[in-house]
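Trainee: the following block contains a protein sequence and its predicted model.
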Amino acid sequence: MPKTTFRSRWIALITGIFSVLIGIIYLFLIAILDTRGPMLPPPPEAMGVAEVDVVFPFVEVAQRPF
């Protein structure tokens, strides 16, 4: 068997083992993250949306009759 074929088989084997390990680690991390419970949306304050009540205590507002 030529030397280049032997070397390329080892490289392919090492690369395959490495990719399988990455896949197993990925599945393990996803399993851990899934055990934290359902994802909840962020509160409105995190999105920069907040209600502000503006009160003008010294300004009279005339109400129109209906």
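Mentor: In hand now; what should we look at?
Trainee: which strand or helix spans Gly23?
Mentor: Applying DSSP states H and E as the criterion places Gly23 in helix 3-34.
Trainee: for that helix, name the packing helices and strands.
Mentor: Using 3 or more CB pairs under 8 Å, 6 or more residues apart in numbering; DSSP states H and E, no helix or strand is in contact with helix 3-34. All C-beta spots, glycine's among them, are computed from the backbone N, C-alpha and C.
Trainee: go through that helix and flag the buried ones.
Mentor: Residues of helix 3-34 classed as buried: none (neighbour count, 16 or more other CB atoms under 10 Å).
Trainee: mean confidence for it?
Mentor: Averaging pLDDT along helix 3-34 yields 93.
Trainee: next one: stretch 47-63
Mentor: 65.
Trainee: what is the neighbour count of Met39?
Mentor: 7 (other CB atoms under 10 Å).
Trainee: same deal with the one 3 residues further on?
Mentor: Look at Pro42: counted by other CB under 10 Å, it has 8 neighbours.
Trainee: what does the one 3 residues further on give?
Mentor: Glu45: 8 surrounding residues under other CB under 10 Å.
Trainee: okay, it and Ile32: tell me how far apart.
Mentor: Going from Glu45 to Ile32 by CB to CB, to the nearest Å gives 28 Å.
Trainee: swap in Thr5?
Mentor: Separation of Thr5 from Ile32 (CB to CB): 41 Å.
Trainee: what does Pro43 give?
Mentor: 25 Å.
Trainee: likewise Thr4?
Mentor: 42 Å.
Trainee: and what of Ala46?
Mentor: Where Ile32 is concerned, Ala46 sits at a distance of 24 Å (CB to CB).
Trainee: try Ile24
Mentor: On the measure of CB to CB, Ile24 and Ile32 end up 13 Å apart.
Trainee: then Met47?
Mentor: Using CB to CB, Met47 is found at 27 Å from Ile32.
Trainee: before we move on, what about Arg7?
Mentor: From Arg7 to Ile32 the distance is 38 Å (CB to CB).
Trainee: over to Pro42?
Mentor: Distance, Pro42 to Ile32, by CB to CB: 22 Å.
Trainee: again, but for Gly16
Mentor: 25 Å.
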